[in-house]
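[1] heads up, no residue letters with this:
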């Protein structure tokens, strides 16, 4: 009985420790959008800030953007449409705690992170 209890406690401790070492995912990408107060081509301008809240860099960050139709195209070096998704900053790494920003004019759009790549050796 004591052996089973010890095994259970070891399993429990290892489970809790491994939760703190889980890999980062695109779920650690946060997106905020604010209106700038400017208008371009009669449309309100919006500033989008994409933040990496993971302790590891993330690259190839992709956002949902199906139906996104800005009045003036966003610079492709910042946001490049690829079907129903958009690639952020040409797929370059977004360091831990860093942000990337872009602005667009048009109707408000809710961007969501849908993918990223993280170095598998990096632990959260």
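    The structure has been received and is ready for your questions. If you're wondering where the values come from, they're calculated on a predicted model, not measured in any experiment.
[2] need the contact list for the closest residue to residue 69 other than its chain neighbours.
    Spatial nearest neighbour of residue 69, chain neighbours left out: residue 106 (6.3 Å); criterion: Cβ to Cβ, 6 or more residues apart in numbering. Where you see a C-beta, it was placed from the backbone N, CA and C, and this is true even at glycine. For residue 106, the contacting residues are 43-44, 46, 69-71, by Cβ atoms under 8 Å, 6 or more residues apart in numbering.
[3] try 10 Å
    The contact partners of residue 106, by Cβ atoms under 10 Å, 6 or more residues apart in numbering, come to 40-41, 43-46, 68-72.
[4] what do you get for residue 43?
    Here residue 43 is in contact with 70-72, 104-107 (Cβ under 10 Å, 6+ apart).
[5] Kindly state the beta-bridge partners for it.
    Following DSSP bridges, residue 43 is listed with bridge partners residue 40.
[6] cool, and residue 94?
    residue 58.
[7] Pass me the low-pLDDT residue ranges in the chain, would you?
    1-23, 124 (pLDDT under 70).
[8] Name whatever forms a beta bridge with the spatially most central residue of it.
    Residue closest to the average C-alpha location in the chain (Cα atoms, centre = their mean): residue 29, at 2.6 Å. Beta-bridge partners of residue 29, counted by DSSP bridges, are residue 52.
[9] if I look at it, how far off is residue 122?
    Note on residue 29: its distance to residue 122, by Cβ to Cβ, to the nearest Å, is 15 Å.
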